[in-house]
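Chemist: missing the sequence, but the structure's below:
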């Protein structure tokens, strides 16, 4: 948050005034945004004023650990996106859309925290995100970005399966990727209800197969949204 | 170029490509890339793609078994949607595009798996979508049809997931299986939402008692030893991970619909 307060007392006073001056709903949105930003892991960088230029690069590492860190990076990005979407809803959002986006936010947080826990000390640091290219007040911009993130996630996991050596890790990737595909379907259907777009020809070819991308393709697509430089050159290639 | 096509390009056997391109060149000039796109968009052509991956003679029995298992499920789904689309006054006009799209994919999966297995492909079973009368109005009552569609799609997701590890010796086939798996999940999400449900599976609950086996174990909130319910709550944790099903469990479900 750019709002800087002189002391905890002043912050409480400000919150109190905000709560009194605005509806409860608006207050909760504001509070949610604060929590959201803290959850992105970028609070420290903002607070000490070092700016995005000082975000450390991260190296995903090698072997299955590297592949899981790759997944962890994507889940961090997705979770940060939906936290922001839910905390600052776009204009005209419906109850159905809110319910879907809240659920997806929760799933991506679970994915992120699960991978962080599973990786333990091998986990990469929290990434700093840059969503300046997304207009969070615009339904088309938010759902368009959501579609991009979900389709990208599906293609990333589909491509990562063959890079994993452990059966257990392959199963974990499988349990996550189908949920990402469920998300993609729902987001696409919000954009174009009851059309073929939930599994459109742009992502499912004539052979009935979903998209698959290599880590290099995925990270290039994600680069717009991640401030840190991600090094992936030790990832397995087959 | 779509990533799909890029991947297929990489997997096409160079010798095969040379032979086919040479033949096509006699008929008219065609670039290698154009032909690759044409091949990639023709399901039957996949049988000759990527010699190492798909030549049926070289596939280990274990992989053939998994692919035939998948083919059986795809036969079931394809016929279910073909019959549904042909049934008069079953699928409302408003949602026909959804089921036409699903049918297109399931038929493509059948063609792909049959082409991959060649002479080793199992035959299509005889199906009874009423499950011996349990779903007697499946092709006259849209709600019954939707309930079964959801059951088949959610089962398909769990089935592919449960046997992915058995395909690990062949990267190309594992990847194809994963690419089918996520398409089934896209279908499942849409059909569930048509029924007024969430696109994802919360715990092991179902409103269709006869399909309880489809959701057995979905309430799991421990992944790789990590308690995933600790992060948001148990419902989010169960929704965030689709659980696998064993072959025996899937075949018991499918068996309800096989004569």
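Modeler: Right, received. Where do you want to start? These numbers were taken from a predicted model, which means no experiment stands behind them. Residues are numbered from 1 along each chain as shown, chains lettered A, B, ... in the order given.
Chemist: from here on, contacts and neighbour counts on C-alpha atoms
Modeler: Fine.
Chemist: In contact with residue B:207, which residues?
Modeler: Listed by C-alpha atoms under 8 Å, 6 or more residues apart in numbering or on different chains, residue B:207 has no contact partners.
Chemist: where along chain A do the strands fall?
Modeler: A:58-59, A:230-231 (DSSP state E).
Chemist: Which one, of those strands, ends up nearest to chain B?
Modeler: Between chain B and these, the shortest separation by C-alpha to the nearest C-alpha is 21.6 Å, and it involves strand A:230-231.
Chemist: for the record, mean pLDDT for that closest one?
Modeler: Strand A:230-231 shows a mean pLDDT of 96.
Chemist: Let me have the strands of chain A in TSV, adding mean neighbour count as columns.
Modeler: As requested, these are arranged in TSV below (neighbours: other C-alpha atoms under 10 Å in any protein chain shown):
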stretch	mean neighbour count
strand A:58-59	18
strand A:230-231	17
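Chemist: Nearest spatial neighbour of residue A:102, chain-adjacent residues omitted?
Modeler: Of all residues not flanking residue A:102 in the chain, residue A:86 sits nearest, at 6.3 Å (C-alpha to C-alpha, 6 or more residues apart in numbering or on different chains).
Chemist: what about residue A:63, neighbour count?
Modeler: A count of neighbours around residue A:63, defined by other C-alpha atoms under 10 Å in any protein chain shown, yields 16.
Chemist: Quick one: residues contacting residue B:71.
Modeler: Neighbouring residues of residue B:71 by C-alpha under 8 Å, 6+ apart: B:109-110, B:113-114, B:121-122.
Chemist: any idea of the mean pLDDT in the strand or helix carrying residue B:110?
Modeler: Here residue B:110, judged by DSSP states H and E, is contained in helix B:96-117. Mean pLDDT, computed over helix B:96-117, is 98.
Chemist: Helix or strand with the lowest mean pLDDT in chain A?
Modeler: Among the helical and strand segments of chain A, the one scoring lowest on mean pLDDT, DSSP states H and E is helix A:24-39, with a mean of 32.
Chemist: just to revisit the earlier point, ok now the helix holding residue B:110, how far from the chain's centre?
Modeler: Centroid separation for helix B:96-117 versus its chain: 8 Å, with C-alpha atoms, centre = their mean, to the nearest Å.
Chemist: isn't residue A:86 right up against residue A:98?
Modeler: Yes: in terms of C-alpha atoms under 8 Å, residue A:86 counts as a neighbour of residue A:98; the distance is 7.3 Å.
Chemist: ok, the closest residue to residue A:231 other than its chain neighbours to residue A:109 distance?
Modeler: The shortest distance from residue A:231 to any non-neighbouring residue, by C-alpha to C-alpha, 6+ apart, is to residue A:59 (4.6 Å). As judged by C-alpha to C-alpha, to the nearest Å, residue A:59 and residue A:109 stand 22 Å apart.
Chemist: do the same with residue B:174
Modeler: Between residue B:174 and residue A:109 the computed distance is 28 Å (C-alpha to C-alpha).
Chemist: among the helices and strands of chain B, which has the poorest mean pLDDT?
Modeler: Lowest on mean pLDDT, DSSP H and E among the helices and strands of chain B sits helix B:14-27, with a mean of 36.
Chemist: Poorly predicted segments of chain A, please.
Modeler: A:1-54 (pLDDT under 70).
Chemist: tell me the centre residue of it?
Modeler: residue A:78 (1.0 Å; C-alpha atoms, centre = their mean).
Chemist: and residue A:107, what does it touch?
Modeler: Residues near residue A:107 by C-alpha under 8 Å, 6+ apart: B:236-237, B:239-240.
Chemist: Let me see the contact set for residue 177.
Modeler: In the absence of a named chain, this looks at chain A. A:153-154, A:157-158, B:182.
Chemist: not what I meant, chain B
Modeler: Counted by C-alpha under 8 Å, 6+ apart, residue B:177 has contacts B:160, B:164.
Chemist: could you redo the last one with a cut-off of 7 Å?
Modeler: Shown in contact with residue B:177 (C-alpha atoms under 7 Å, 6 or more residues apart in numbering or on different chains): residue B:160.
Chemist: which element is it on?
Modeler: Here residue B:177 is assigned to helix B:171-194, by DSSP H and E.
Chemist: That helix - what's its average pLDDT?
Modeler: 98.
Chemist: what angle separates it from helix B:96-117?
Modeler: In terms of direction (axes from the mean of the first three to the mean of the last three C-alpha atoms, to 10 degrees), helix B:171-194 departs from helix B:96-117 by 160 degrees.
Chemist: For chain A, what is the nearest residue in the stretch 1-150 of chain B?
Modeler: Using C-alpha to the nearest C-alpha, the single residue of the stretch 1-150 of chain B nearest to chain A is residue B:105, 4.6 Å away.
Chemist: quick one: contacts for that residue?
Modeler: Shown in contact with residue B:105 (C-alpha under 7 Å, 6+ apart): residue A:208.
Chemist: Try it again at 10 Å.
Modeler: A:199, A:201, A:204-209, B:74, B:77-78, B:99, B:111, B:180, B:183-184, B:187 (C-alpha atoms under 10 Å, 6 or more residues apart in numbering or on different chains).
Chemist: Report the buried members of those.
Modeler: Buried members of these, counted by 16 or more other C-alpha atoms under 10 Å in any protein chain shown: A:199, A:204-209, B:74, B:77-78, B:99, B:111, B:180, B:183-184, B:187.
Chemist: Chain B versus the spatially closest residue to residue A:91 that is not a sequence neighbour, what's the distance?
Modeler: Ranked by C-alpha to C-alpha, 6+ apart and with sequence neighbours excluded, the top spatial neighbour of residue A:91 is residue A:137, at 5.5 Å. Distance, residue A:137 to chain B, by C-alpha to the nearest C-alpha, to the nearest Å: 25 Å.
Chemist: is it true that residue A:137 touches residue A:88?
Modeler: Yes: at 7.6 Å, residue A:137 counts as touching residue A:88 under the criterion of C-alpha atoms under 10 Å.
Chemist: Please enumerate the helices of the chain.
Modeler: The chain I'm using is chain A. Per DSSP state H, chain A carries helices over the ranges A:8-21, A:24-39, A:43-47, A:63-87, A:95-119, A:139-160, A:167-191, A:215-222.
Chemist: That was the other one, I meant chain B.
Modeler: Applying DSSP H to chain B gives helices spanning B:3-11, B:14-27, B:32-40, B:51-54, B:61-86, B:96-117, B:142-163, B:171-194, B:234-240, B:247-255.
Chemist: Turn those helices into a markdown table, including distance to residue A:166.
Modeler: Below are those laid out as a markdown table (distance: least, C-alpha to C-alpha, whole Å):
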| stretch | distance to residue A:166 |
| --- | --- |
| helix B:3-11 | 23 |
| helix B:14-27 | 31 |
| helix B:32-40 | 30 |
| helix B:51-54 | 21 |
| helix B:61-86 | 18 |
| helix B:96-117 | 26 |
| helix B:142-163 | 14 |
| helix B:171-194 | 14 |
| helix B:234-240 | 21 |
| helix B:247-255 | 20 |
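Chemist: Quick one, which of those helices gets closest to residue A:126.
Modeler: helix B:234-240 (20.6 Å; C-alpha to C-alpha).
Chemist: Show me what the closest one is in contact with.
Modeler: The contact list for helix B:234-240 (C-alpha under 10 Å, 6+ apart) reads A:103-111, A:114, A:175-180, B:198-204, B:217-223, B:227-231.
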